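sequence unavailable; structure follows:
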């Protein structure tokens, strides 16, 4: 019964911990009229064996994936394929952005006792990486920070250190940054569609 409950909970996206498994086992035992004196000890060894037997591992939860409408994803992929079929792989580019919270401490730890959390440091750098579909062009990444000339630049421009750097108060990619970056790194000659005869 516990294994079935785990599968149902996973399908519903519910978070499960070892403590929850033990509590649920006790609930099932009570419902089945098993005397508490006959209950399993539910030791760490039992929990480890149960997890191994049922392929359970620890994962960090991510909130965005479950909110995506899969039908919309399928429709968007079809539209994208129709659009990109007009171009060679060399002429199809993808840019992706990621955030680096370089001063934020880890959100997990190993310790002998529960530790108090620390205030999160929200300082962010955004990185944008670009590549074409056949991998023949990989322009240098760009970095977007919060300050025009951070202290670590020692009064110099970022280009003096060999990379593209932009800034705004939120450290986000914005259309003006994209428009400034894009033409210098992707040849306009590559933007012509395939001529189909």
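All right, it came through fine. All figures in this text were calculated on a predicted structure; none of them were measured in a lab.

strands paired with whichever strand or helix holds residue 128, and their directions?
Element membership for residue 128, per DSSP states H and E: strand 125-132. Strand partners for strand 125-132, identified by DSSP bridges, are recorded as strand 93-100 (antiparallel), strand 142-145 (antiparallel).

check which residues of the longest one are buried.
Under the neighbour-count criterion of 16 or more other C-beta atoms under 10 Å, strand 93-100 has 93, 95 buried. Quick note: C-beta positions are derived from backbone N, CA and C, even for glycine.

neighbouring contacts of it?
By C-beta atoms under 8 Å, 6 or more residues apart in numbering, the list of residues contacting strand 93-100 from outside reads 124-133, 137, 171, 173, 178, 186.

where does the prediction get shaky in this structure?
Where the chain drops to pLDDT under 70, the residues are 13, 60-67, 105-121, 183-197.

how about 50 then?
109-112, 115, 188-197 (pLDDT under 50).

tell me the domain ranges of it?
1-54, 90-105+120-189 (the TED database).

can you put these in TSV and add distance to residue 74?
Shown next, in TSV, are the domains of the chain (distance: least, C-beta to C-beta, whole Å):
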stretch	distance to residue 74
domain 1-54	20
domain 90-105+120-189	19
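
out of those domains, which gets nearest to residue 72?
Taking C-beta to C-beta, domain 1-54 is the member of these nearest to residue 72, at 18.2 Å.

list the contacts of residue 25.
Applying C-beta under 8 Å, 6+ apart, the residues near residue 25 are 2, 40, 42.

hang on, isn't the first one packed against residue 28?
Yes - taking contacts as C-beta atoms under 8 Å, residue 2 lies within contact range of residue 28: 6.1 Å.
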